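# could you work out the structure for the sequence below:
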Amino acid sequence: MTTLIAIETSTEACSAALLCNGTLLERSQVAPRRHAELILPMIESLLTEAGVSRRDLDGVAVGRGPGAFTGVRLAISVAQGLALGLDVPVVPVSSLAALAQDVPPDPHTAILAVIDARMGEVYAGTFLRASDGHVEALAAESVGPAGLLALPERGHWSVVGTGWAAYGDVIAAHLREPPRFADGGRYPQARAVAQLAAPQLAAGRGVAPEYALPVYLRDKVALTLQEQRAR
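Purely as a prediction, here's the structure:
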């Protein structure tokens, strides 16, 4: 069976998960600005609990973004470092897909995953639940003003993520009816990254560490001092 470690630090939540012999273990903490301090101890704690070593890993899965620039960069850097040292592949997973994966299953409802991108904008991805239980993208992910959100034509939606907490009234105006499920307090989690990555790794779809690249969506990822003070 596939044994992999998963990392997700694209938002305020810092999480790691270990999938080993069909068992999924996880660590997660909402701790803004402490991800660099927490992520490696989380990984070591998981390995110790499972009684496995780094050398037992078949691969590393990572939330590739979109999300906070520093958090996305950290996750990719840690994943690349682990994979390079162990000579194993990396499976990058959309952080929006990981967020959508945590929505309660409903095969008749599309999923809108939205992360607050600040400055009135959201990172957005739309998904459907496939027959294997994993989410699949309906359209390309995007970033932009919540008021200009473009959605595929679907009757029923579930909405998840901090973008809903920040701009729920604006997003709701784009839906034909109230969402069947809505939770603005959820973040992408490493357990979902592991779930989505495992079949990809087993199918040989991992990539060399240097090809595990972050996805920011924004062309401009560095803020001016004035922009930083406004956040």
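# pretty sure residue 208 sits against residue 88.
No - counting by C-beta atoms under 8 Å, residue 208 stays clear of residue 88, with 9.8 Å between them. (Glycine included, C-beta is placed from N, CA and C.)
# where is the longest helix in the chain?
Ranked by residue count under DSSP state H, the longest helix found in the chain is helix 69-86.
# spatially central residue for the chain, please.
Centroid-nearest residue in the chain, with C-alpha atoms, centre = their mean: residue 95, separated by 2.0 Å.
# gap between it and residue 128?
Relative to residue 128, residue 95 is positioned 18 Å away (C-beta to C-beta, to the nearest Å).
# host element of residue 143?
Assessed by DSSP states H and E, residue 143 sits inside strand 142-145.
# now do the buried residues in that strand.
142, 144 (16 or more other C-beta atoms under 10 Å).
# quick one: mean pLDDT for the next helix or strand after it?
Following strand 142-145 in sequence order, the next helix or strand is strand 157-160 (DSSP H and E). On average, the pLDDT along strand 157-160 is 98.
# swap in stretch 101-120?
On average, stretch 101-120 scores 95.
# centre of the chain to it, how far?
11 Å (C-alpha atoms, centre = their mean, to the nearest Å).
# next, the buried residues of that stretch.
Within stretch 101-120, the residues that count as buried by 16+ other C-beta under 10 Å are 101, 102, 103, 109, 110, 111, 112, 113, 114, 115, 116, 117.
# which ones among these lie within helices?
residue 101.
# for the buried residues of stretch 101-120, which one is nearest residue 29?
residue 102 (16.3 Å; C-beta to C-beta).
# list the contacts of that closest one.
The contact partners of residue 102, by C-beta atoms under 8 Å, 6 or more residues apart in numbering, come to 160, 186, 189, 192.
# element containing residue 174?
Going by DSSP H and E, residue 174 is not in any helix or strand.
# tally of neighbours for it?
Other residues within reach of residue 174, judged by other C-beta atoms under 10 Å, total 15.
# just the one 3 residues further on next, same as before
Residues within reach of residue 177, counting by other C-beta under 10 Å, total 9.
# against residue 176, how distant is the nearest residue to it once chain neighbours are set aside?
In this structure, residue 177 finds its nearest non-sequential neighbour in residue 156, 7.3 Å apart by C-beta to C-beta, 6 or more residues apart in numbering. Residue 156 sits 8 Å away from residue 176, going by C-beta to C-beta.
# neighbour count winner among those two?
residue 156 (15 against 10).
# gap between that one and residue 175?
Distance from residue 156 to residue 175, by C-beta to C-beta: 9 Å.
# so for residue 208 and residue 88, which sits in the more crowded spot?
Between residue 208 and residue 88, counted using other C-beta under 10 Å, the more crowded position is residue 88 (21 against 13).
# isn't the more buried one up against residue 57?
Yes - applying C-beta under 8 Å as the test, residue 88 and residue 57 come out as touching, 5.9 Å apart.
# what sits in contact with each of the two?
Counting by C-beta under 8 Å, 6+ apart, the contacts common to residue 88 and residue 57 are residue 82.
# find the residue closest to residue 144 in space, skipping its chain neighbours.
Among residues not flanking residue 144 along the chain, residue 121 sits closest, at 5.7 Å (C-beta to C-beta, 6+ apart).
# burial measure for the one you found, as a count.
Residue 121 is flanked by 22 other residues according to other C-beta under 10 Å.
# repeat for residue 76
24.
# could you find the closest non-adjacent residue to it?
Residue 76's closest residue in space is residue 214 (C-beta to C-beta, 6+ apart), at 4.8 Å.
# got a list of what that neighbour touches?
By C-beta under 8 Å, 6+ apart, the contact set of residue 214 is 64, 65, 72, 73, 75, 76.
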